[in-house]
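*Asks:* This is the structure alone, sequence omitted:
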């Protein structure tokens with residue numbers, strides 16, 4: 001959001017429970033946004049709302065159309081759900097094989113598959129997730145797919161969802177997505 005809106009910022013990489021993450025967020029989670037006055041904003045949704053309110057170039061969360069805003073926020077929740085389940089799968093997979101919970105892996109892998117089914121159905125061949133220009137919906141979904149590529153490279157979501165893959169191909173050429181994925 002900050003990149004799409006051309007809001008100056010400094011990006012710092014930290015791990016969950018890393019030193020900066022623990023200082024910025026009482027739960028030690030990422031992402032967090034630390035404002036110039038030291039005030040900490042945490043959780044992607046809260047950061048996105050704040051960033052979008054800073055300027056109107058572009059508006060990434062609709063303001064005047066309540067239903068459009070709801071649809072964008074629903075996309076955000078769907079993308080967050082994909083990422084949340086992918087984190088659970090990643091956490092489970094790094095355990096010793098004899099300590100992994102197959103039911104947890106099945107539950108969260110199924111949730112990811114269901115969410116991808118839904119995203120592909122909603123997106124269809126549309127250029128954007130919502131409306132006629134980029135919104136938070138597109139940024140959130142792209143972020144979730146970048147994370148899936150990182151943590152579940154064996155998941156052939158591109159083969160299963162060619163329209164979603166084509167959309168992601170266009171999104172991944174945006175400077176904001178390139179910079180955020182680096």
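*Replies:* The structure has been received and is ready for your questions. Everything quoted here is computed from the prediction, not taken from an experiment.

*Asks:* Longest helix in the chain, please.
*Replies:* Assignment by DSSP state H gives helix 66-93 as the longest helix of the chain.

*Asks:* which SSE is the nearest residue to residue 125 once chain neighbours are set aside in?
*Replies:* With Cβ to Cβ, 6 or more residues apart in numbering as the criterion, residue 125 has its nearest non-adjacent residue at 5.5 Å, and that residue is residue 163. Where you see a C-beta, it was placed from the backbone N, CA and C, and this is true even at glycine. Secondary structure from DSSP states H and E places residue 163 in helix 162-171.

*Asks:* List of residues touching that helix?
*Replies:* Residues outside helix 162-171 that contact it (Cβ atoms under 8 Å, 6 or more residues apart in numbering): 116, 119-120, 123-127, 138, 141-142, 145, 157-159, 177.

*Asks:* One more pass at 7 Å, please.
*Replies:* With Cβ atoms under 7 Å, 6 or more residues apart in numbering as the test, helix 162-171 has contacts from 119-120, 123-125, 138, 142, 145, 158, 177.

*Asks:* so which of those residues is the most crowded?
*Replies:* Among those, residue 138 has the most neighbours (other Cβ atoms under 10 Å), with 27 neighbours.

*Asks:* ok, back up a step: which strands and helices sit next to the helix or strand that the helix holding residue 163 is followed by?
*Replies:* Where DSSP H and E defines the elements, the next helix or strand beyond helix 162-171 is helix 175-181. On a contact count with 3 or more Cβ pairs under 7 Å, 6 or more residues apart in numbering; DSSP states H and E, helix 175-181 meets no helix or strand.

*Asks:* Residue 133 sits in which helix or strand?
*Replies:* Here residue 133 is assigned to no helix or strand, by DSSP H and E.

*Asks:* Counting neighbours, what do you get for the closest residue to it other than its chain neighbours?
*Replies:* Distances taken as Cβ to Cβ, 6+ apart place residue 58 nearest to residue 133, at 6.6 Å, with adjacent residues excluded. A total of 12 residues lie near residue 58 under the criterion other Cβ under 10 Å.

*Asks:* same deal with the one 5 residues further on?
*Replies:* Summarising burial for residue 63: neighbours were counted as other Cβ under 10 Å, giving 11.
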